[in-house]
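>>> here's my sequence, what's the structure:
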Amino acid sequence: MQTIQLQVKDGYTQNILDMLGSVKDIMLEKIELQQDPNLEDDAYFYERRESLHKLHADIENGKMPMYDFNDSMDELIEELQK
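Below is the predicted model:
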């Protein structure tokens, strides 16, 4: 016996379960639905992860400039002292 894991887009879970249910007695031994543990704590986990990966890529390729913290703080202090 082999196990297959599927990632199903939102809104299509019931369709997939219906399709698999039609062949359950022929080809499948058991159908089990498991929730992604990442989504239990954070419903937007994958969206946030994708956003962070894009931000990291933008920093790496120079689209998003990085500022030196110490230089920025020095500038802020100078501005506040005026």
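
>>> what strand or helix carries the residue nearest to the spatial centre of the chain?
Residue closest to the mean C-alpha point of the chain, counted by CA atoms, centre = their mean, is Tyr46 at 1.5 Å. Using DSSP states H and E, Tyr46 maps to helix 45-60.

>>> need the contact partners of that helix.
For helix 45-60, the external contacting residues (CB atoms under 8 Å, 6 or more residues apart in numbering) are 36, 38-39, 42, 64, 66. Just so you know, the C-beta spots here come from the backbone N, C-alpha and C atoms, and that holds for glycine as well.

>>> return the worst-scoring helix or strand of the chain on mean pLDDT as CSV; C-alpha atoms alone will do.
When each helix and strand of the chain is scored by mean pLDDT, DSSP states H and E, helix 37-41 comes last, with a mean of 80. Extracted C-alpha coordinates of helix 37-41, given in CSV (Å, rounded to 0.1, in the frame of the first residue of the first chain):
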residue,chain,number,x,y,z
PRO,A,37,-1.1,22.2,11.1
ASN,A,38,0.4,25.4,9.7
LEU,A,39,-3.2,26.7,9.0
GLU,A,40,-4.4,25.8,12.5
ASP,A,41,-2.4,28.6,14.1
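
>>> show me what it packs onto, helices and strands only.
With contacts defined as 3 or more CB pairs under 8 Å, 6 or more residues apart in numbering; DSSP states H and E, helix 37-41 has these neighbours: helix 45-60.

>>> right, and the helix or strand after the helix it packs on?
helix 69-81.
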